[in-house]
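> fold the following.
(2 chains)
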Number of protein chains: 2
Amino acid sequence: MASQEAGKLEWRISVHNGTTERLVPRSGLSVRIFHWLKDLVMKVIVERIANFMRKAWRIGADDPAKVVHCLKVGLALSLVSIFYYMRPLYDGVGGNAMWAIMTVVVVFEANVGATFSKCVNRVVATILAGSLGIAVHWVATQSGKAEVFVIGCSVFLFAFTATYSRFVPSFKARFDYGAMIFILTFSLVSVGGYRVDKLVDMAQQRVSTIAIGTSICIIITVFFCPIWAGSQLHRLIERNFEKLADSLDACVAEYFKENEVSTNRNVDGDTNMKLQGFKCVLNSKGTEEAMANLARWEPAHGSFNFRHPWKLYVKIGAAMRRCAYCLENLSICINYESEAPDQVKKHFGEACMKLSSASSKILRELREMMKNTRKSSKMDFLVFDMNSAVQELQETLKTVPIETNKPKDEVPSEEDNNEDKVISMSLHEILPVATLVSLLIENAARIQTTVEAVDELANLADFEQDFKKKTGDNNTKQPPLSS
Amino acid sequence: MASQEAGKLEWRISVHNGTTERLVPRSGLSVRIFHWLKDLVMKVIVERIANFMRKAWRIGADDPAKVVHCLKVGLALSLVSIFYYMRPLYDGVGGNAMWAIMTVVVVFEANVGATFSKCVNRVVATILAGSLGIAVHWVATQSGKAEVFVIGCSVFLFAFTATYSRFVPSFKARFDYGAMIFILTFSLVSVGGYRVDKLVDMAQQRVSTIAIGTSICIIITVFFCPIWAGSQLHRLIERNFEKLADSLDACVAEYFKENEVSTNRNVDGDTNMKLQGFKCVLNSKGTEEAMANLARWEPAHGSFNFRHPWKLYVKIGAAMRRCAYCLENLSICINYESEAPDQVKKHFGEACMKLSSASSKILRELREMMKNTRKSSKMDFLVFDMNSAVQELQETLKTVPIETNKPKDEVPSEEDNNEDKVISMSLHEILPVATLVSLLIENAARIQTTVEAVDELANLADFEQDFKKKTGDNNTKQPPLSS
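Numbers count the residues shown, from 1 in each chain, chains lettered A, B, ... in the order given. The predicted structure follows:
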C-alpha cells in the first residue's frame, strides 16, 4: 500500500491551527449529478415511503379491525390454495381451482354484510346466467348457420339490459355486483360454448368452485372475529351523537366565554376539535347509506335481530345532519366581526347556556340509548326540560332591553353598573346574539325530530325498557311542573 | 257432442226476465286458492315490473348518456367475442380468450376516466403481480420440500400487505382496483404454478388477452360518443351554481312576498323545487370527489388540458356547500312560527332583496364562467355590488326602529300609515328577520370565497379572457362609485 502512495503529488493548505489539510480535487460533473440525483431520489422515495408507512400504521392503530380483516384475507387465500396443493382436491374440481381463488379474492370484503351480499350476488347471478347461457347456446346450435348471429345478438341484448339495470338506484344498491357477474357468466358460457364441448360440465365445475370459494369466505368472515356492518353503523350513529353534543356545548360556551381580547378568540386544540365535531356528521351520509344497505344482508348478531330496521338509521342520520347544519351556522356568530355588548351577552347568556345544555343532554341520552340499546326513562323529562328552556329563552327575547328602560325584575341587578338603566344599541350590535338564539331554538326543534326517529327505532327494534322506568315510574312519566 | 250432453242433470233458476239460468257449482277450495294466488302474484309481479320499467325508462330519458353506455358495453362484448368465433384468433391467444371477455366486462365503466383507471390498474397490477408470482414460484421450486410452505407464506404476506394498503385513503382513491388484481394475479400465478407446467407461457397469454380486452375498451370508450368524467363534473358544478342561485332567490322572495294568510304559506310546485335546489348541492360531495379522482385519468378533451386542475373542483364544491348550509338555515326564517310585523319586513325587504339578487347574480355569473370556460369581466363589478349591498343592509340594521321613534328620512313614508311613528315590538318578533339578515350577510362572505376558488381555477386552467374585457376595459376595471 505504502509503495502505491509513494511518488503521488497532492495539494495541501494550512489551516488556522497550524496543521495542513489535503485538498481533494472536485469530482467530475457527471459524478456530481449522479450523486445529486441519488440523494434526491433517495430522499423523495424514502420520505414518501416513510410517510406512507406512518399513515398506514396510524390507520391500523386507530382501527384494529382493519388489521384483522387483512389477516382474514390472508387466511382465506391460504385455505383456498389447499385445492391446488392436494391432488385429490385439485382433480375433484377438474383443475378449475382457479375459480375458487378468484372468488375468494373478489368476494372477501371488510365486513360481513358486504361479503354476504357479494357471495349471494355471485352465486345467484352465476347460476342464473349459466343456465340462460346454456339455453341460448342450445338454441344457437339448433339454428345451424345462424349460430354466431344468435349468440352475438343475445350477448348484446343481455349485456345491454343488465348494464342498464345497474343505473336504477334501487337495483344498484343491492344487485350491482350481481349484474356484472351475470354479464360475465352469460358471455363466458354462451360465447365460450362455441369452442368448449362439455359446456354443462364446465358450468357445473364453475358453480361448484364458486360454491367452495364463497363458503370459505363466509365461514372465515363470520366465525373469525366477525366485523359487522350493522354494528359499525350503530357505533357510527352513537359516536356522531356524542360529537354533536360536544360541538353544541363547545360552540355556545365559546361564544359566551368572557375573554379579554374579544376580537381575537384563542381556541385551544381540544376545544377546536370539539367545535369541529359536527363536520363528521355533515360528511357521513354516504357511509351511513352504504352501511345500512350492507347491514340488511347480515344475519342476527349481538343485539340486532335479522329484521333490524336498518333503514331507520339513515333517517336518524338525516335528522342528525339537520342539527349539524344549525351548528355549522353557529360558527357565524362566533366569527362575527362586531361583538355583542356585554350587557346583551349577560342578558341572554344564562338562557342560551340552559337551552344548549338541555339540548346536548338529550343528544347524550340518545347516545346512551344507542349504546345500551335500551329505551330511555329520562327522555320525556329531558325533552320537557329542553322545551321549557326554549320558552324561557323566548321570554327573555320579549324583554330584551334595546333602547328602552331595562326592566328591573328581569335582569340580575348585581352586575348592573350603568347609571341610567338605558342601554342604547342598534339591531346591528345584537345581530349575532339574535342569530345564535334563533339557531339554538331551531336546533332544539330538530333535536326533537331526531328523538322521534330514535324512538321509532327503539320501538321497531324492541329496545329493552330502561330498568329505572320500573322502579320510579311515577317520577318519570309526568314531567315536573317546574324545571 | 250432443250425445255426451244427454242424460246430464243440471240446476236452473228463473231470473226476473222470465228465462232460466244454469247454476254453476262452486269450484273447490284448492282451485279458488289457486286462482286467488295467481291473481295476487300476477298483480304484485306485474305491478312491480311495470314500476321498475317506468323508473328505468325515466332514467334513460333523463340522461341518454346512460343508454349510450349500455350500447357501448354491448358493442365491446360483441367485438371481443370475435376472438371466440374466429379459429385463428382463438388459437392465437392459446384458447385463453376468456380473459379478454372478462377484462371487458370488469373494466368497462360508464365514463372514460373510470375505464382508463381500471385499465391501467389492471394491466400494471397484472404485470407486477405476474412477475412477482413467477419469481416466488422459482424460489419455491428451488427450496425443495418447503415449496408449499414458501408459496403459502408469500401468498399470505402479499395478500395481507395489498389488502392493508387498500385502507390508506390516498392509495384507495387511485389504486383500489389495482390492489385487488394484484392479489388475484399473484395468487393465481404463484399458487397455480404448483400445477401448471408452462407458467411463463400462461402468464404471457394472460397479459396479451388482458391487453386485447383493455384496448378494445379504451378504443370504444374514447371513440364512440365518449362520456368524460371531467365534463360531467364540470357540468355538475355548473348546474349546482344555478340551483344555488335559484334557491337563494326563491327563499328570499318567498319570505318577503306579501300573502294574505301569513301563517300558512302555499308554495306552488315550481317554487318549491327551486327552494329545495340547494339540497342537491348539500349531497353532491361524494359524487364530486369520485368524479375529480376519475377525471385525473382522462386525456385532454374539449376545453380541458391533460393537467386540468380537477382537485380545485372539489374545493369549489366545498365552498358551494358552505353556501348551501346557509340556505338550508334560511328555511328556518320561512317556517318561523311568529311572523315579523309588516313594517319591519318593509324596512328590511328592499335591502335584503338587493343583497340576495346581487348574490345570486354572482352565482349565475360563476355558472356562465364555468359554462363558457371564460374569465368574467363583470365579476369585480358584481362582487363590489354585493359588498355595497351588504354595507347598505348593515346600515339599515343600525337604523332599525325598535321601540323608538322611526327616523323619517330612512323609511319610505308613502306606506307609512301608523299615526304616532313609534313601532312597539320586541326582539322576539324581529328574530326571523334578524336571522335572515345574518344568514344573507354570511352567505355573501361565503360566495366571495367561492368566487376566489373559481378564480383560482380560471387562472390555473387558463380560462380565456372575456372578450368584453378588451372592448370596455376601463368600464369594468374600476367598480362604479355609486351602485
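
> ok, now how distant is residue A:150 from residue A:196?
17 Å (CB to CB, to the nearest Å). The C-beta positions use only the backbone N, C-alpha and C, and glycine is treated the same way.

> how about residue A:318?
When residue A:318 is compared with residue A:196 (using CB to CB), they lie 51 Å apart.

> more neighbours: which of those two?
Counted by other CB atoms under 10 Å in any protein chain shown, residue A:318 and residue A:196 do not tie: residue A:196 has more neighbours, with 18 against 15.

> what's the closest non-adjacent residue to the more buried one?
residue A:202 (5.6 Å; CB to CB, 6 or more residues apart in numbering or on different chains).

> buried residues in the strand or helix carrying the one you found?
Assigned by DSSP states H and E, residue A:202 belongs to helix A:199-223. Using 16 or more other CB atoms under 10 Å in any protein chain shown as the test for burial, helix A:199-223 gives A:199, A:202-203, A:205-214, A:216-218, A:220-222.

> got it, and stretch A:274-282?
Applying 16+ other CB under 10 Å to stretch A:274-282 flags A:274-275, A:277-278, A:280-282 as buried.

> again with stretch A:295-313
Neighbour counts over stretch A:295-313 (16+ other CB under 10 Å) mark A:295-298, A:301, A:303-304, A:308-310, A:312-313 as buried.

> let me have those residues in JSON lines, extended by pLDDT.
Formatted as JSON lines, these follow (pLDDT from 0 to 100):
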{"residue": "A:295", "pLDDT": "90"}
{"residue": "A:296", "pLDDT": "89"}
{"residue": "A:297", "pLDDT": "88"}
{"residue": "A:298", "pLDDT": "88"}
{"residue": "A:301", "pLDDT": "83"}
{"residue": "A:303", "pLDDT": "81"}
{"residue": "A:304", "pLDDT": "85"}
{"residue": "A:308", "pLDDT": "88"}
{"residue": "A:309", "pLDDT": "90"}
{"residue": "A:310", "pLDDT": "90"}
{"residue": "A:312", "pLDDT": "91"}
{"residue": "A:313", "pLDDT": "92"}
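
> of these, closest to chain B?
residue A:313 (17.1 Å; CB to the nearest CB).

> spit out the contact partners of the closest one.
A:233-234, A:237, A:288, A:291-292, A:295, A:457 (CB atoms under 8 Å, 6 or more residues apart in numbering or on different chains).

> widest-spaced pair of the residues you listed?
A:291 and A:457 (14.7 Å; CB to CB).

> more crowded one of these two?
Higher neighbour count among residue A:291 and residue A:457: residue A:291, with 27 against 22, using other CB under 10 Å.

> how about the more buried one, nearest residue that isn't a chain neighbour?
residue A:233 (3.9 Å).

> in three-state terms, label the one you found for me.
Classification of residue A:233 using DSSP: H, G, I helix; E, B strand; the rest coil returns helix.

> can you list the residues of the stretch 1-150 of chain A near chain B?
Contact residues (CB under 8 Å from any CB of the partner chain) of the stretch 1-150 of chain A with chain B: A:52, A:55-56, A:59-60, A:66-67, A:69-71, A:73-75, A:77-78, A:81, A:84-85, A:90, A:95, A:97-98, A:101-102, A:105-106, A:148.

> buried subset of those?
Applying 16+ other CB under 10 Å to those, the neighbour count classes A:56, A:59, A:66-67, A:69-71, A:73-75, A:77-78, A:81, A:84-85, A:90, A:97-98, A:101-102, A:105-106, A:148 as buried.

> one step back: what is the neighbour count of the residue nearest to residue A:291?
Look at residue A:233: counted by other CB under 10 Å, it has 27 neighbours.

> low-confidence ranges in the stretch 351-483 of chain A?
Along the stretch 351-483 of chain A, segments meeting pLDDT under 70 span A:400-426, A:467-483.

> now do the helices in it.
Secondary structure of the stretch 351-483 of chain A (DSSP state H, counting those that start in this stretch): helices at A:379-398, A:427-460, A:467-471, A:473-477.

> those: which one's closest to residue B:156?
Going by CB to CB, the one of the helices of the stretch 351-483 of chain A nearest residue B:156 is helix A:427-460, 41.1 Å.

> any residue of the closest one up close to chain B?
Yes - using CB under 8 Å from any CB, helix A:427-460 comes into contact with chain B via A:427-428, A:430-432, A:434-435, A:437-439, A:442.

> which residue lies nearest the spatial centre of chain A?
residue A:287 (4.5 Å; CA atoms, centre = their mean).

> look up phi and psi at it.
phi -60, psi -50 (degrees, to the nearest 10).

> I figured it hits residue A:235, correct?
No - with contact defined as CB atoms under 8 Å, residue A:287 and residue A:235 do not form a contacting pair (11.6 Å).

> how about residue A:146, nearest residue that isn't a chain neighbour?
Using CB to CB, 6+ apart and skipping residues adjacent in sequence, the residue nearest residue A:146 is residue A:140, 7.7 Å away.

> list the contacts for that neighbour?
The contact partners of residue A:140, taken as CB under 8 Å, 6+ apart, are A:146-148, A:150-151, A:154, A:190, A:193.

> try residue A:211
Residue A:211 touches residue A:123, counting by CB under 8 Å, 6+ apart.

> save the buried residues of stretch A:295-313 as TSV, and put in secondary structure and distance to residue B:448 too.
Below are these laid out as TSV (DSSP: H, G, I helix; E, B strand; the rest coil; distance: CB to CB, whole Å):
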residue	secondary structure	distance to residue B:448
A:295	helix	42
A:296	coil	44
A:297	coil	47
A:298	coil	47
A:301	strand	50
A:303	coil	49
A:304	strand	48
A:308	coil	47
A:309	coil	44
A:310	coil	42
A:312	helix	40
A:313	helix	37
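
> mind putting those in JSON lines, distance to residue A:345 included?
Converted to JSON lines, these look like this (distance: CB to CB, whole Å):
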{"residue": "A:295", "distance to residue A:345": "46"}
{"residue": "A:296", "distance to residue A:345": "49"}
{"residue": "A:297", "distance to residue A:345": "53"}
{"residue": "A:298", "distance to residue A:345": "51"}
{"residue": "A:301", "distance to residue A:345": "51"}
{"residue": "A:303", "distance to residue A:345": "45"}
{"residue": "A:304", "distance to residue A:345": "47"}
{"residue": "A:308", "distance to residue A:345": "46"}
{"residue": "A:309", "distance to residue A:345": "44"}
{"residue": "A:310", "distance to residue A:345": "44"}
{"residue": "A:312", "distance to residue A:345": "40"}
{"residue": "A:313", "distance to residue A:345": "39"}
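
> what segments of the stretch 101-250 of chain A are helices?
With DSSP H, counting those that start in this stretch as the criterion, the stretch 101-250 of chain A has helices spanning A:112-142, A:147-165, A:169-192, A:199-223, A:229-256.

> dump those helices to a markdown table, plus mean pLDDT.
What follows is the helices of the stretch 101-250 of chain A, written out as a markdown table (pLDDT from 0 to 100):
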| stretch | mean pLDDT |
| --- | --- |
| helix A:112-142 | 90 |
| helix A:147-165 | 89 |
| helix A:169-192 | 89 |
| helix A:199-223 | 87 |
| helix A:229-256 | 90 |
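
> from the chain's centroid, how far away is stretch A:34-43?
Its chain's C-alpha centre and that of stretch A:34-43 lie 40 Å apart, by CA atoms, centre = their mean, to the nearest Å.

> okay, that stretch in PDB with CA atoms only?
Output of stretch A:34-43 as PDB, limited to C-alpha atoms (Å, rounded to 0.1, in the frame of the first residue of the first chain):
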ATOM      1  CA  PHE A  34     -25.300  11.300 -10.200                       C
ATOM      2  CA  HIS A  35     -24.800  11.900  -6.500                       C
ATOM      3  CA  TRP A  36     -27.200  14.700  -6.500                       C
ATOM      4  CA  LEU A  37     -29.800  12.600  -8.300                       C
ATOM      5  CA  LYS A  38     -29.200   9.700  -6.000                       C
ATOM      6  CA  ASP A  39     -29.700  11.900  -2.900                       C
ATOM      7  CA  LEU A  40     -32.800  13.400  -4.400                       C
ATOM      8  CA  VAL A  41     -34.400  10.100  -5.400                       C
ATOM      9  CA  MET A  42     -33.400   8.500  -2.100                       C
ATOM     10  CA  LYS A  43     -34.800  11.500  -0.200                       C
END
